[in-house]
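A.B. asks: fold the following, please.
(one chain, ligands or ions: 1)
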Amino acid sequence: MSKFKKALLGSIAPLLLGSMLGMATQAVASDERFYGRFTADNELYTPRDYRTWVFIGASVTPNDMNDGAAAFPEFHNVYLDPGSYAHWKKTGEFRSGSVIVKELVSVGTKEAPSGNGYFPGEYGGIAAMVKNDKRYPDRPGNWAYFGFDGESRHGAIQEDSACSACHQQNAADDQVFTQFYPVLRAAKP
Ligand code: HEC
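C.D. replies: Numbering: from 1, shown residues only. Okay, here's the model as predicted:
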């Protein structure tokens, strides 16, 4: 081996090992961690890191199929926090502490080189739901629903009748529409 290669290996190996160890500790930590930060009134600070969570599905309610104005326009990119995903994989249940973020993205175009369809345009905001038996003991299933207006640094808890009633009636698993999330169904024990 040339001197140069040896020197190169010598400097890269510790780096590689270090990053592998780093990844291992991170994986363990993220399994146990709880996500979401809350105000004193148990309102959810607008989550910033949800795009690194587990992506569980993407329903689309295009405006042009909903009289021009879908209730939640248009793509719904849905993320579950990693700690609660790990718990779901083990138990098939949403733990107290589960945070689910639904990110809305507009339809940008209906034609692409791949064909006709609905293709994502611009970010349009988020909605969220949080299950917590300590924070929301009186809410059905201990789930609180949040709307975000973009100005405020945290979400506002929505009336049960506005969100929870429909979820309770129609969602397959504990107010979550797992019937639309193959990622969760595949991971359910
Ligand atoms: C009329 C029924 C209905 C109402 C009212 C409703 N939702 Fe939903 N919600 C759905 C359906 C159906 C889905 C899954 C499919 C989709 O995204 O369109 C969903 C998905 C979600 C998700 C992703 C997790 C999941 O359960 O699938 C969140 C978060 C969410 N809604 C929040 C809210 C909030 C916050 C409100 C109130 C402001 C609300 N929803 C009101 C029907 C409803």
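
A.B. asks: model confidence over stretch 57-76, on average?
C.D. replies: Regarding stretch 57-76, the rounded mean pLDDT is 97.

A.B. asks: secondary structure element holding residue 130?
C.D. replies: Residue 130 is located in strand 115-131, with elements delineated by DSSP states H and E.

A.B. asks: surely residue 181 and residue 78 touch.
C.D. replies: Yes: counting by C-beta atoms under 8 Å, residue 78 is a contact partner of residue 181 at 7.0 Å. The C-beta positions use only the backbone N, C-alpha and C, and glycine is treated the same way.

A.B. asks: where do the contact lists of those two overlap?
C.D. replies: Listed as contacting both residue 181 and residue 78 by C-beta atoms under 8 Å, 6 or more residues apart in numbering are 56-57.

A.B. asks: so which bits of this structure are right by the ligand?
C.D. replies: Counting by C-beta under 6 Å from any ligand atom, the chain comes close to the ligand at 59, 61, 76, 78, 100, 102, 127-129, 145-147, 158, 162-163, 166-167, 171, 176-177, 180.

A.B. asks: whichever of these end up buried, select them in ChimeraX.
C.D. replies: Selecting the buried subset of these in ChimeraX, with 16 or more other C-beta atoms under 10 Å as the burial test, is done by:
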select :76,78,100,102,127,128,129,145,146,163,167,171,176,177,180
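
A.B. asks: from the residues of the chain next to the ligand, which ones fall inside helices?
C.D. replies: Mapping these onto helices (DSSP state H) picks out 166-167.

A.B. asks: hmm, which helix or strand of the protein has the shakiest average pLDDT?
C.D. replies: Of all the helices and strands that make up the chain, the one with the lowest confidence by mean pLDDT, DSSP states H and E is helix 3-32; it has a mean of 50.

A.B. asks: pLDDT of the strand holding residue 130, averaged?
C.D. replies: Averaged over strand 115-131, pLDDT sits at 98.

A.B. asks: perfect, that will be all.
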